[in-house]
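Undergrad: Sequence first, then the predicted structure:
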Amino acid sequence: MSKLVLLFTFNILLLVAPSFLKAQETEEDDFSQYDDLDFADEAAKRYATSKVIGLSPQKLILMGYDAQGPYKIQSGAVNNTPAETMNTTLTHGFQLAANIPVYSRNSLIVQLGFNYQGTTFASTKSTYENDFNQVLANATHHTLGLNTTIFKPFNEKNFLIFQGSMDLNGDYELTKLQNPKYLKYSAAAIYGWKSSDRLMWGIGFAQTYRAGELNYIPIVLYNWTHPSLKWGAEVLAPARAHLRYTINPRNMLFFGYELQGQSYRLNNGNNVNWNFDNLELRRGEIRVRAIYERQVVGFIWLGVQAGYRIGYSFNVDHVADGKDFFRGSFGDDPYAFENKIGNPLYFNFTISLVSP
Amino acid sequence: MKNVFNKLFALNLFSLMLLLTFSVSAQNDGDALLGVWEPSNGKARVKIDKIGDKYFGRIVWLKEPKDPNTGEPKVDKNNPDVSLRSTPLRGYRMLKDFVFKGDGVWEEGTIYDPENGNNYSCIIKLKDDNTLDIRGFIGIQTFGRTDEWKRLIIKKKG
Amino acid sequence: MKTIQRYSLLFLYLAVLISCSTKTDLKTITLSNINFEFEAPIYSGPNSATAELSIDLSKEIGEGFEIKDVKLKNASIVTDSTTVPADNLQSITLQIGSSNQPLISIGVINPTIPTSLNQQLTTSNDKNLSSYLLGKSFYLVLDPDFINDSEETSIRLEGTFEFEIHYTNK
């Protein structure tokens, strides 16, 4: 009889055990207790994050198209060919970029990126007397690059940012890249302070090709959002600076400028028979612009830019065997030849996948 | 008859012990997520608990509990659904619908960012007893970002 | 001109034909006296209680119909003046979930009306709840935010929820 009772009891327990073991409903909380907590791991620290409130979303993947209106290129005499003016009709090309966080911890973030930019100089003629104009008309200029950004916070206030990139720039065919010895290296290091959730700033130094040729410059980082969350500034000077107006977190307007540029190896295809081996076009430009970015659906964002492209530099240098040199503001090394470039209106359109 | 009875008795006892063992261990592993956690930005504290078999995280503390523009407790003003924009952020379930998959991994959930009103797919991994890797992503995990959350406990006195 | 008139008439005819062939019917289902129990200790701040529910839609609207969408039309929460003074409430949030559907917010009132025992929530108009109601069961999660701690051993809030169901013939 006792065994029968035990058997009966065990069966009841078997039936009801799952409901006993099912998770409890939410217990009620004394919310005031959450003011006074500490890390369970005594060694844990708080670190500054890499963003401020209200910053425009980071683009994980970007595809775009850039187009400049008509302008004149007044090319200097070169290779026993006379000076000549080229009337461009459209200077345009596609761009593609990716920036993926490959390592992400509170104490270190590492991103790896890739970028491509193409530029074709369409003009009124297909043949030119001036060899430089002919080289421009012959082939598209490509930039293929790899880059990395490292964000290293030391504590809640102080951080270090390092950016490095290498770019292959020239009028080579994409199926036949130019020699890697012509890679251009850029780098920047910034030491910064995160004063609050709405302000981070820093100072640093950079090796850059943004003005078209090798340069060493001081840089300033300043990311700020007004308490209203409507206005802000996103600055990495002198490379770029923008004032931001947030219509809402899915619609933003920017007003400002960006300095862009690279050094491009010319005549990779040897289509023009000139007696130079290593000429590089030092292309630098300042884009004064307005940008509108908006969420299309989910994490797909659209960006539209319009502005004025000011040609900062369009001269050509001898760069022997890819070994670049620093001219700076006070250097007097002569250019192989000098050119003047007009300043057109431009338009840029991008579709991006933005980061959480 | 007695033999049959004894065998049945033994089988029931064994089944109950087996059920209890697996149920308790399954409950404990998944429940390692329970507790109060702090995201890396330190702006909020999130308490993770359970409704049914799923895990949810509620905001229980905000570094800046009031909106500086209105002076009122912060609300979900960036919610894409206009009718829900008055929902208070304190108490808001920003982590939802996580299912324990074993091996310190919780999947099938979402994480909500009140700063922009976006919901992201999310996976949680228990890095150690006091550290979570919370990865919000879009579509595939490659297109995402990992944030490290640290467990919080009541401050030790003295 | 005659061609435009002919095409306009054709378009109008097609529009009427299409709209008549996909006629949508509407049924309102009200779930009343849904209790949300809060056991002591009841602290100030957001508290949470769950009610598990199920609706047999085939019983409500019959067989041979296809549910187009389900919306929460109205949600009201009644408090007991003795255990929950109306001025002790700050806000109420309502969510719906089920074992195979995500938990989503469907109603809120913030701030609550301090002089009223009946709080009418603003309901979400853009969420189709058919997957929840068509399932075996679903649960409603009520998160009232109390201003002060309560000495009560238990508190009950009672909800009334009105669902609008749009359906068509299969």
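TA: Right, received. Where do you want to start? Residues are numbered from 1 along each chain as shown, chains lettered A, B, ... in the order given.
Undergrad: list the buried ones in the longest strand along chain B?
TA: Longest strand in chain B by number of residues (criterion: DSSP state E): strand B:140-154. Neighbour-count burial for strand B:140-154 flags B:143-152 (criterion: 16 or more other Cβ atoms under 10 Å in any protein chain shown). Quick note: C-beta positions are derived from backbone N, CA and C, even for glycine.
Undergrad: okay, and for chain B, where does confidence drop off?
TA: Where chain B drops to pLDDT under 70, the residues are B:1-2, B:4-5, B:8-28, B:156-158.
Undergrad: how about the helix or strand where residue B:36 lies against chain A, any contact?
TA: Residue B:36 is part of strand B:35-38, with elements assigned from DSSP states H and E. Yes: judged by Cβ under 8 Å from any Cβ of the partner chain, strand B:35-38 comes into contact with chain A at B:36, B:38.
Undergrad: ok, then the element right after that strand?
TA: Counting by DSSP H and E, what follows strand B:35-38 is strand B:44-51.
Undergrad: Just the CA atoms of the longest strand of chain B, as PDB, please.
TA: Extracted in PDB, the C-alpha atoms of strand B:140-154 (Å, rounded to 0.1, in the frame of the first residue of the first chain):
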ATOM      1  CA  ILE B 140      23.800  39.100 -41.100                       C
ATOM      2  CA  GLN B 141      26.100  39.400 -38.100                       C
ATOM      3  CA  THR B 142      29.000  40.900 -40.200                       C
ATOM      4  CA  PHE B 143      27.000  44.100 -40.500                       C
ATOM      5  CA  GLY B 144      26.800  44.900 -36.900                       C
ATOM      6  CA  ARG B 145      28.600  46.200 -33.800                       C
ATOM      7  CA  THR B 146      29.400  44.400 -30.600                       C
ATOM      8  CA  ASP B 147      29.000  46.200 -27.300                       C
ATOM      9  CA  GLU B 148      30.300  44.800 -24.100                       C
ATOM     10  CA  TRP B 149      28.000  44.900 -21.100                       C
ATOM     11  CA  LYS B 150      29.200  44.500 -17.500                       C
ATOM     12  CA  ARG B 151      27.200  42.900 -14.600                       C
ATOM     13  CA  LEU B 152      26.300  45.200 -11.700                       C
ATOM     14  CA  ILE B 153      25.700  44.300  -8.100                       C
ATOM     15  CA  ILE B 154      24.600  46.300  -5.100                       C
END
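Undergrad: re earlier: partners of the strand holding residue B:36 in the sheet?
TA: Strand B:35-38 has its sheet partners listed here by DSSP bridges as strand B:44-51 (antiparallel), strand B:140-154 (antiparallel).
Undergrad: just checking, residue A:222 touches residue A:240?
TA: No: counting by Cβ atoms under 8 Å, residue A:222 stays clear of residue A:240, with 11.2 Å between them.
Undergrad: Let's verify the residue of chain B found nearest chain C: helix, strand, or coil?
TA: Using Cβ to the nearest Cβ, the closest approach of chain B to chain C is made by residue B:91 at 2.6 Å. Here residue B:91 is coil, with the state taken from DSSP: H, G, I helix; E, B strand; the rest coil.
Undergrad: How about the backbone phi and psi for it?
TA: Dihedral pair for residue B:91: phi 100, psi -10, per degrees, to the nearest 10.
Undergrad: Measure how buried it is and give me the count.
TA: 22 (other Cβ atoms under 10 Å in any protein chain shown).
Undergrad: which residues does the spatially closest residue to it that is not a sequence neighbour contact?
TA: Taking Cβ to Cβ, 6 or more residues apart in numbering or on different chains, and ignoring the residues beside it in sequence, residue B:91 has residue C:46 as its nearest neighbour in space, at 2.6 Å. By Cβ atoms under 8 Å, 6 or more residues apart in numbering or on different chains, the residues touching residue C:46 are A:29, A:31, B:58, B:88, B:90-91, C:93, C:143-145.
Undergrad: Strands along chain B, start to end?
TA: Counting by DSSP E, one finds strands in chain B at the ranges B:35-38, B:44-51, B:54-62, B:93-102, B:105-113, B:118-128, B:131-138, B:140-154.
Undergrad: Mind putting the ones you listed into JSON lines with distance to residue C:53?
TA: Putting the strands of chain B into JSON lines (distance: least, Cβ to Cβ, whole Å) gives the following:
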{"stretch": "strand B:35-38", "distance to residue C:53": "30"}
{"stretch": "strand B:44-51", "distance to residue C:53": "14"}
{"stretch": "strand B:54-62", "distance to residue C:53": "17"}
{"stretch": "strand B:93-102", "distance to residue C:53": "18"}
{"stretch": "strand B:105-113", "distance to residue C:53": "23"}
{"stretch": "strand B:118-128", "distance to residue C:53": "25"}
{"stretch": "strand B:131-138", "distance to residue C:53": "31"}
{"stretch": "strand B:140-154", "distance to residue C:53": "33"}
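Undergrad: Those: which one's closest to residue A:251?
TA: Closest approach to residue A:251 among these is made by strand B:118-128 (13.9 Å; Cβ to Cβ).
Undergrad: just checking, what packs against the closest one?
TA: Applying 3 or more Cβ pairs under 8 Å, 6 or more residues apart in numbering or on different chains; DSSP states H and E, we find strand B:118-128 packed against strand B:93-102, strand B:105-113, strand B:131-138, strand B:140-154.
Undergrad: Pull out the buried residues from it.
TA: Under the neighbour-count criterion of 16+ other Cβ under 10 Å, strand B:118-128 has B:118-124, B:126 buried.
Undergrad: Repeat that for stretch A:170-181.
TA: In stretch A:170-181, counting by 16+ other Cβ under 10 Å, buried: A:170-172, A:178.
Undergrad: coming back round to it: any idea which of the strands of chain B gets closest to residue A:315?
TA: Closest to residue A:315 of those is strand B:140-154 (Cβ to Cβ; 41.1 Å).
Undergrad: Having no further points to raise, I will conclude here.
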